[in-house]
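# Predicted model and sequence follow; I will ask about them next.
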Amino acid sequence: MKNSSPLEPVSKLDFYLSQPHDCGYFPNRRAMSLFADPDHPHSAEAYARLIALGFRRSGRTVYRPQCFGCHACIPFRVDATTYQPTRSQMRAWRRNQDITVESKPAEFREEHFELYTRYIAARHAGGGMDNPTREDFTRFLCQSIPNTCCYEFRAGKQLLAVAVTDQFDDAFSAVYTYYDPGENQRSLGTYAVMWELAEARRLGKRWLYLGYWIENCAKMVYKQAFRPAETFVDGQWQPFP
């Protein structure tokens, strides 16, 4: 169903509403998404504007939740230039000083797929992402719009984590991070966010977009530990309490 949007004059894109589907966060709720025309080429400028307006991407789909009567999914970004780690985060940083990070293009790699499969089985069983195929993985994480890096985190030759990250002139957007579920003591999810913040700052970028934050959602709690942060509410970015 096509939806007229005030964003069209900004990005020159058509926007559409998805059909209602089961909400992945709240039982017994139906969800909808507003998404940019997936058949239209997404320039770096248009994508950067959409991200700054609270959109996110999954594969080639750039979307924003648009649920009737619910505004629980709130866009969340961290200021990389003034970020101050907590004591817990600093402990995670010190535990991972043996890790090296290398940037790779967003392309299918069997090693990445095997790590992703183990991560999903351990961390998101029953969440609709079970038993991914190579095609599923490729559609989700091996697309680039327009500048995407797959950051590999390794201890020696062991692949510990992959952070799929989009890059813009003034920001990073963390598309998805997956890691070895057998290395819980390392706090790899926390470390990956810290590393992205440090890399964004090193490259002169201000923001790290972390997708959506939902109050009282256990899967989202980690985001609010990264400060200072902002949330996109009522059409503008505001300091996170």
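Now that the structure is in, tell me what you want to look at. Residues are numbered from 1 along each chain as shown.
# Can you tell me how far residue 169 is from residue 203?
From residue 169 across to residue 203, the span is 10 Å (Cβ to Cβ, to the nearest Å). Heads up, the C-betas are built off the backbone N, CA and C, glycines and all.
# Show the model's pLDDT score for the residue positioned nearest the centre of the chain.
Closest residue to the average C-alpha location of the chain: residue 175 at 3.1 Å, with Cα atoms, centre = their mean. You'll see residue 175 listed with a pLDDT of 97.
# Please name the strands paired to the helix or strand containing it in the sheet, noting orientation.
Residue 175 is part of strand 171-179 when elements are defined by DSSP states H and E. Here strand 171-179 has these sheet partners by DSSP bridges: strand 158-167 (antiparallel), strand 207-213 (parallel).
# That strand: what's the following helix or strand?
helix 188-202.
# Could you pull up the mean pLDDT of that following helix?
98.
# now it against strand 158-167, angle please.
Between helix 188-202 and strand 158-167, the angle comes out at 50 degrees (axes from the mean of the first three to the mean of the last three Cα atoms, to 10 degrees).
# Now do helix 188-202: everything it contacts.
78, 80-81, 83, 85, 88-89, 92-93, 95-96, 99, 101, 151, 153, 160-161, 163, 165, 171-172, 174, 177, 179-180, 206-208, 210, 222, 225-226 (Cβ atoms under 8 Å, 6 or more residues apart in numbering).
# Mind giving me the ChimeraX command for buried ones among those?
Typed into ChimeraX, the next command selects the buried ones out of these (criterion: 16 or more other Cβ atoms under 10 Å):
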select :78,80,83,85,89,92,93,95,96,99,101,151,153,160,161,163,165,171,172,174,177,179,180,206,207,208,210,226
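# tell me the SS of residue 35?
strand (DSSP: H, G, I helix; E, B strand; the rest coil).
# Quickly find the element holding residue 230.
strand 229-233.
# mind listing what's buried in that strand?
229-232.
# okay if I get those as TSV plus distance to residue 60?
Below are the buried residues of strand 229-233 laid out as TSV (distance: Cβ to Cβ, whole Å):
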residue	distance to residue 60
229	28
230	27
231	26
232	22
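# and of the residues you listed, the nearest to residue 31?
residue 232 (17.9 Å; Cβ to Cβ).
# how about the nearest residue to the closest one, chain neighbours excluded?
Leaving out its chain neighbours, the residue that sits closest to residue 232 by Cβ to Cβ, 6 or more residues apart in numbering is residue 75, at 3.8 Å.
# contacting residues for the one you found?
Contacts of residue 75 by Cβ under 8 Å, 6+ apart are 54, 56, 64, 209, 211-213, 231-232.
# Please repeat the previous calculation with a cut-off of 10 Å.
51-56, 64-65, 209-213, 230-233, 237 (Cβ atoms under 10 Å, 6 or more residues apart in numbering).
# what's the first-to-last distance across stretch 64-76?
Length of stretch 64-76, first residue to last, Cα to Cα, to the nearest Å: 12 Å.
# Please name the residues that touch residue 81.
If you count contacts by Cβ under 10 Å, 6+ apart, then residue 81 has 197, 200-201, 204-207, 228 around it.
# Where do the strands of the protein begin and end?
15-17, 21-22, 30-31, 33-36, 56-58, 61-65, 74-79, 100-105, 148-155, 158-167, 171-179, 207-213, 229-233, 236-239 (DSSP state E).
# Fine by me, thanks again.
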